[in-house]
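>>> I need the structure of the sequence given here:
(2 chains)
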Amino acid sequence: MLLEVYRRLVKRKKRYIVVEASTEIPIEVFKKIIEKSYLELFGEFGLNEANLRVVKKINNKFILECSHNSTPRAILSISSIKKLDDSLIYLRVVKVAGTIRKVREIIAKR
Amino acid sequence: MEEIQCKQKVGFSLSIWGLGMGRKYVDFWINLTDEVDLSEMISEAKKLGFRSVVVSSVDESRLKEFKKLSEDFKIEVYRKLILEPKDRLTLLKNLRAYRGEYEVVSVICSNLEVALTAARDSRVDSLILPPSKRFRIDKGVAALISNSVELPFKWFIDEASRREFIRVASEIVNYLSRKTSIIVSSSASKPFELRSPHELASLLQVLGLDRSTALDAVSIIPGKIIETNLVKLSSSYVARGVSKIG
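Coordinates of the predicted model:
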């Protein structure tokens, strides 16, 4: 029983968001603009709760990891981005998956 | 069983806009301006997963061209009229003149007088409350609204109007979500302003609605409005609840 409670406390559910960028951008820049957008919309507390992490970049697709509860917030902050410096950019949410294996399958299919 | 429950809740069969086959997503407002590339716009909408789009345009020939293109992409296109009247009389005059020509009619409510008239008029399909509106949605206004309320996502993308838009959207969700239906549309005038149904629905999720209700705002609710209006515009329609057979 205690072990079960402990597991629930420790295990944090994650979601993986596949994001497609309209232009080729480096992974650091992607992370920076996502965090900036999230910070603007939901503040420091929100950003910490979200546990955003860019897992991988494949061509112009990025795999973004976030906590399960913050998925709609992360999607909204991705879709609010329209500019990178002075040039227009758009990021499209391709798919949301629960495991990294599923994400890889989705990218391979596309 | 699930479908029966949905039928009871929503009030019409979900076989067309069905959940069983996957949702049929509708972008309730695409603004066709003169500069936009029509084929790019429609291919982007298709890519994002929309099966129907509602378009507004000043130029009738562009609308026809867009409709022709949509046949190749297998997307249903419906026409929308956006009214932005300054007073009640102008609104009523415009509704009388144009209601029969368009599948969807939306009203941008820039003042309380227009908002209260549009909210009660059954010829209006959706109300759009702009971020710069100079009235508050309180219990009194909320009690009168019977039409759907539309949230154009473009105002969220635009940094200048974002803060005000979020305020209006949260007011709408807090006061009206239990009483009327809410629709989220992209209101895009350029292809890069289009957003996928899940991105549009995430706005309502963040404002406190559950996932299923948020997705209804981009599928079932606009679908129902279009379906009702198509029946009304058909030649067999006589009056509410009465239609010619044969």
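>>> look up how far residue B:215 lies from residue A:67.
21 Å (C-beta to C-beta, to the nearest Å). C-beta: built from backbone N, CA, C; applies to glycine.
>>> neighbours of the residue lying closest to residue A:53 once chain neighbours are set aside, how many?
Spatial nearest neighbour of residue A:53, excluding adjacent residues (C-beta to C-beta, 6 or more residues apart in numbering or on different chains): residue A:65 at 4.4 Å. Using other C-beta atoms under 10 Å in any protein chain shown, residue A:65 has 18 other residues around it.
>>> what sits against residue A:65?
The contact partners of residue A:65, by C-beta atoms under 8 Å, 6 or more residues apart in numbering or on different chains, come to A:14, A:15, A:16, A:17, A:51, A:52, A:53, A:54, A:55.
>>> residue ranges for the strands of chain A, please.
Counting by DSSP state E, chain A has strands at residues A:14-21, A:53-58, A:61-67, A:83-84, A:87-88, A:91-97.
>>> swap in chain B?
So, for chain B - with DSSP E - the strands run B:25-32, B:50-57, B:76-83, B:104-108, B:126-128, B:148-152, B:182-185, B:237-239, B:242-243.
>>> who touches the shortest one?
I take that to be strand B:242-243. Contacts for strand B:242-243 (C-beta under 8 Å, 6+ apart): B:231, B:234, B:236, B:237.
>>> so for that strand, mean pLDDT?
If you average the pLDDT over strand B:242-243, you get 84.
>>> give the pairing partners of it; include direction for each.
strand B:237-239 (antiparallel) (DSSP bridges).
>>> go on, the fourth one?
Based on DSSP bridges, the pairing partners of strand B:104-108 within the sheet are strand B:76-83 (parallel), strand B:126-128 (parallel).
>>> contact partners of the last one?
Applying C-beta under 8 Å, 6+ apart, the contact partners of strand B:126-128 are B:28, B:82, B:104, B:106-109, B:115, B:118-119, B:145, B:147-150, B:152, B:183, B:225.
>>> if we use 10 Å, what do you get?
B:28-29, B:54, B:80, B:82-84, B:104-110, B:114-115, B:118-119, B:121, B:145-152, B:155, B:168, B:172, B:176, B:180-183, B:185, B:187, B:221-222, B:225 (C-beta atoms under 10 Å, 6 or more residues apart in numbering or on different chains).
>>> buried residues in stretch B:175-190?
The neighbour-count check on stretch B:175-190 (16 or more other C-beta atoms under 10 Å in any protein chain shown) flags B:175-177, B:180-190 as buried.
>>> that stretch: end-to-end distance?
In stretch B:175-190, first residue to last residue: 32 Å (C-alpha to C-alpha, to the nearest Å).
>>> wait, does that stretch contact chain A?
Yes. Counting by C-beta under 10 Å from any C-beta of the partner chain, contacts between stretch B:175-190 and chain A involve B:186, B:190.
>>> figure out how far that stretch is from the centre of its chain.
Counting by C-alpha atoms, centre = their mean, to the nearest Å, stretch B:175-190 is centred 7 Å from the centre of its parent chain.
>>> how about stretch B:228-235?
The answer for stretch B:228-235 is 17 Å, by C-alpha atoms, centre = their mean.
>>> picking up where we left off before, can you redo the strands of chain B as JSON lines with distance to residue A:5?
Compiled in JSON lines, the strands of chain B are given as follows (distance: least, C-beta to C-beta, whole Å):
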{"stretch": "strand B:25-32", "distance to residue A:5": "41"}
{"stretch": "strand B:50-57", "distance to residue A:5": "45"}
{"stretch": "strand B:76-83", "distance to residue A:5": "52"}
{"stretch": "strand B:104-108", "distance to residue A:5": "52"}
{"stretch": "strand B:126-128", "distance to residue A:5": "48"}
{"stretch": "strand B:148-152", "distance to residue A:5": "41"}
{"stretch": "strand B:182-185", "distance to residue A:5": "39"}
{"stretch": "strand B:237-239", "distance to residue A:5": "62"}
{"stretch": "strand B:242-243", "distance to residue A:5": "61"}
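>>> residue boundaries of the helices in chain B?
Using DSSP state H, the helices of chain B run over B:2-10, B:38-48, B:60-73, B:88-98, B:112-120, B:139-144, B:154-157, B:159-176, B:197-206, B:211-216, B:220-233.
>>> brain fart, chain A
A:2-10, A:27-50, A:71-79, A:100-109.
>>> who's in contact with the closest residue to residue A:62 other than its chain neighbours?
Leaving out its chain neighbours, the residue that sits closest to residue A:62 by C-beta to C-beta, 6+ apart is residue A:19, at 4.7 Å. Shown in contact with residue A:19 (C-beta under 10 Å, 6+ apart): A:30, A:34, A:54, A:57, A:60-64, A:74-75, A:78-79, A:81, A:91-95.
>>> thanks again, I'm all set now.
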